[in-house]
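Visitor: Turn this into a structure:
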Amino acid sequence: MGEVILVGGFTRKNFPRLGELMECLKNSKPPGKGRRALATLIGLFPLTTALAPTGVPTIALGGILAFLSTILSAMALTIRRPGCGEVEREFREFLRKNKRDKLEIHV
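Guide: Residues are numbered from 1 along each chain as shown. All right, here's what the predicted structure looks like:
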């Protein structure tokens, strides 16, 4: 919901560095206009298959380009938080160890 992160219960009790992680996330900057524009341009890259001749290879190429452009545009929007790397890795490992059956969390 917007820029709200809800954390409580098990995580709050068992992850001692939660306050430090939340402080890092709060102080991180959103991606700038340049990064957002780059991500949009990368996202439009699969449209280049419209110039190729029709057929199965073009459809396969379009699918591959769509997949790669999604990954690359997400990478362009990823925010690097140099001071938070250690606590983020620790939290990621904490989530992997304590993953619930139906809850799927990606950090």
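
Visitor: Check which helices and strands the helix or strand bottoming out on mean pLDDT in the chain is in contact with.
Guide: Lowest on mean pLDDT, DSSP states H and E among the helices and strands of the chain sits helix 10-14, with a mean of 80. Applying 3 or more CB pairs under 8 Å, 6 or more residues apart in numbering; DSSP states H and E, we find helix 10-14 packed against no helix or strand. For the C-beta atoms, the positions are set from N, CA and C on the backbone; glycine is no exception.

Visitor: can you give me the helices in the chain?
Guide: With DSSP state H, the ranges of helices along the chain come out as 10-14, 18-27, 33-43, 56-77, 85-97.

Visitor: picking up where we left off before, what does the least confident helix or strand of the chain rub up against?
Guide: Leu18, Phe94, Asn98 (CB atoms under 8 Å, 6 or more residues apart in numbering).

Visitor: a markdown table for the helices of the chain, including mean neighbour count?
Guide: Formatted as a markdown table, the helices of the chain follow (neighbours: other CB atoms under 10 Å):
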| stretch | mean neighbour count |
| --- | --- |
| helix 10-14 | 11 |
| helix 18-27 | 14 |
| helix 33-43 | 14 |
| helix 56-77 | 13 |
| helix 85-97 | 14 |
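
Visitor: could you list every residue that touches Phe91?
Guide: So Phe91 contacts Phe15, Arg17, Leu18, Leu21, Val107 (CB under 8 Å, 6+ apart).

Visitor: if I look at it, how far off is Arg17?
Guide: Separation of Phe91 from Arg17 (CB to CB, to the nearest Å): 7 Å.
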